[in-house]
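>>> I need the structure of the sequence given here:
(chains A and B)
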Amino acid sequence: MSSAGLRVDLGRGLVLPNPVGLASGTAGYGFELAQLIDLDRLGALYTKGTTRLPREGNPPPRVAETERGMLNSIGLHNPGVDWVAEHYAPLFAAWRIPVVVNVAGAEISDYMHCARHLDGVEGVAGVELNISCPNIAHGLDFGRDAAGAARLVDAVRAVTGRHVMVKLSPNVTDIAAVARAVEGAGADSVSAVNTYVGMKIHRASGRPVLPQGTGGLSGPAIHPLALAAVAEVRAAVRIPVVAAGGIDDVATAFDFFAVGADAIQVGTASFADPTTALRVLDGLAERAAAGRIPARWGTTAVGSP
Amino acid sequence: MVSVEQLDGGLIEVTARLPRLAAAAVPGQFAQLRCGDHGGPLLRRPFSVAWTESQTCSFVFEVVGEGTRLLAELTAGDVLDSLGPLGRGFSVDAARGEVVCVSGGLGCAPFPLLVRSLRSRGVRDIIVLNGAASAERLYPADRFTRGDAGVGVVEATDDGSRGHHGFVTELLAPMVSSVTAVYACGPNAMLAAVATQVTGAGSPRVAEASLEAPMGCGFGTCLGCALPLRGDGRGPLWGLCCSDGPVLPLRSVDWAALLALPAADVA
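Residues are numbered from 1 along each chain as shown, chains lettered A, B, ... in the order given. Okay, here's the model as predicted:
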């Protein structure tokens, strides 16, 4: 199935060959999945959250299955930005799929360091600022506070010419306010949503399954919640909105286009079936061929050359 | 699905027509099986490939939660959705002469395939030390040997209802110095006990264990199945059960850290 004509221009040089991406934290750095699927057919790869220094991550258990979902508390286990730039970026550069590096940190200076370091690296199409990881201390601080998020984006904007996407946390009282704040500070796009804070109890012991207590909930269980959040974000900003949350087929992906998303990310569903994103893309291409795609999704004309 | 066999003691062996997996799987590798269809659990469940024929693969398990319950309910003719082979299998190239496999409970799963592979590579004698809680929970000896006289099975039960009364690891001690390889699969406490026997001078060249951990994906992207490996001494170095393992050298695992982890949430 051809996916020509599905191109999405998210701005500042980030042009997706099609709107179907792989969400951060569910696609590693690409090479793991590349053994199982043809990555180069997809629209974008958003990498595992990457920090200034390598991180070992949290002690196990790190994942717990829930009703139509899963909780994770990985703790940003990653090799650090230097390793990514040196060892993984050359792979990214050789692929057709645009790779957006998800960046996380505890301080504004951490994000600035990573963004600056990645700015000149071939193969990095942009950065996605993880202002909302629920699994590390301080990880939520920027995402919860609109003013803090704006300061962060402003600082990162100053050190990179690449596309800056901001991944929004749904664990806030006013996601629209955070979205508006990061748009005002110069973000090129937003992605929504990160995981919802959740908990599972080990029934035999009465204690949380995850040693940290809580984790991030993802999967089909959060789809209606994510839809509501994306609709709210769409109404709040003019920059492109990349939607994520519980997509496991073309229908659940299309729901996000119905509320104005410009592109989507397939996440947890890839764990159970790594071909999910390709199936979503094929379904999208079929609908496009049948003329069943809206002329305009959100703020970006999709299907224009 | 070709067959679903209920063995004694709650063990279940399923066989499915999976020709590509059968052709590609090496001993110790696993497949991620979908348990139930869209009404079933979101995530797949990992199972060692226990046996292969040219067109089929078999898996051994017991019902411990919703996923395995749904898997056990499948019948011949049902579709089994499998992703694999995944992970790193056992090292078989360095095994010579005499080797020993140590199996505890459901740890039997990878050994029939490993035994066949070792014999086809010219390993002369294979002893399978097979332990379980009781006689009925022992995986049948003839499924390790498959009629091969070069393979011996010595059994142990916790309750003494068959074979050696005690832990299977107690049978290992007298053999460790004479074998070229030790392969182990079973509960973490058993693997840790094996590990203490295969360190030091005169240890077998190959000493490996197949481990398990709760997994999100099975192919290295979710980073969920962390296992503590021996790092630089400043704390555990997390490896991934699915892609660094599930078979790891016994020496590379931080057994004290592994045994200190909370019990897995079984679903």
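>>> any stretches of the stretch 151-300 of chain A with poor pLDDT?
Along the stretch 151-300 of chain A, segments meeting pLDDT under 70 span A:294-300.
>>> could you pull out the strands for it?
A:163-167, A:189-192, A:196-199, A:201-202, A:207-208, A:214-218, A:241-244, A:263-266 (DSSP state E, counting those that start in this stretch).
>>> show me which residues of the stretch 51-200 of chain A are close to chain B?
Residues of the stretch 51-200 of chain A lying close to chain B (CB under 8 Å from any CB of the partner chain) are A:56-65, A:68-70, A:72, A:74, A:77, A:200. (Glycine included, C-beta is placed from N, CA and C.)
>>> so of those residues, which ones are in strands?
Of these, the ones assigned to strands by DSSP state E are A:Val63, A:Ala64, A:Glu65, A:Gly69, A:Met70, A:Asn72.
>>> out of the residues you listed, who's nearest A:His163?
Distance to A:His163 across these (CB to CB) is lowest for A:Asn72, with 26.3 Å.
>>> for the residue in chain B that chain A sits nearest to, pull up the helix or strand it's in.
Here the residue of chain B nearest chain A is B:Gly224; by CB to the nearest CB that distance is 3.5 Å. Applying DSSP states H and E as the criterion places B:Gly224 outside every helix and strand.
>>> list the contacts of residue 30.
Using chain A. Neighbouring residues of A:Gly30 by CB atoms under 8 Å, 6 or more residues apart in numbering or on different chains: A:Leu22, A:Leu39, A:Leu45, A:Thr47, A:Tyr88, A:Leu91, A:Phe92, A:Trp95, A:Ile97, A:Val99.
>>> try chain B instead
Listed by CB under 8 Å, 6+ apart, the contact partners of B:Phe30 are B:Pro46, B:Phe47, B:Ser48, B:Val49, B:Gly84, B:Pro85, B:Leu86, B:Gly87, B:Gly218, B:Pro246.
>>> cool, and B:Leu21?
B:Leu21 touches B:Ala31, B:Val49, B:Thr52, B:Cys57, B:Ser82, B:Gly84, B:Pro85, counting by CB under 8 Å, 6+ apart.
>>> so what pairs up with the closest residue to it other than its chain neighbours in the strands?
Using CB to CB, 6 or more residues apart in numbering or on different chains and skipping residues adjacent in sequence, the residue nearest B:Leu21 is B:Cys57, 5.1 Å away. In this entry, B:Cys57 is beta-bridged to B:Ala16, B:Thr52, by DSSP bridges.
>>> in chain B, where is pLDDT below threshold?
Applying pLDDT under 70 to chain B flags residues B:232-235, B:265-267.
>>> which strand residues bridge the nearest residue to A:Ala261 once chain neighbours are set aside?
Of all residues not flanking A:Ala261 in the chain, A:Ala243 sits nearest, at 3.6 Å (CB to CB, 6+ apart). According to DSSP bridges, the residues that bridge with A:Ala243 are A:Ala192, A:Ile264.
>>> A:Gly105 is in contact with A:Arg55, isn't it?
No. Assessed by CB atoms under 8 Å, A:Gly105 is found out of contact with A:Arg55, at 10.4 Å.
>>> the more surrounded of those two?
More crowded of A:Gly105 and A:Arg55, by other CB atoms under 10 Å in any protein chain shown: A:Gly105, with 28 against 18.
>>> tell me who's in contact with that one.
By CB under 8 Å, 6+ apart, A:Gly105 lies in contact with A:Thr51, A:Arg52, A:Tyr111, A:His113, A:Cys114.
>>> check contacts around the first one.
Right, A:Thr51. A:Leu76, A:Asn78, A:Gly80, A:Val81, A:Val103, A:Ala104, A:Gly105, A:Asp110, A:Cys114.
>>> run a quick neighbour tally on the last one.
With neighbours defined by other CB under 10 Å, the count for A:Cys114 comes to 28.
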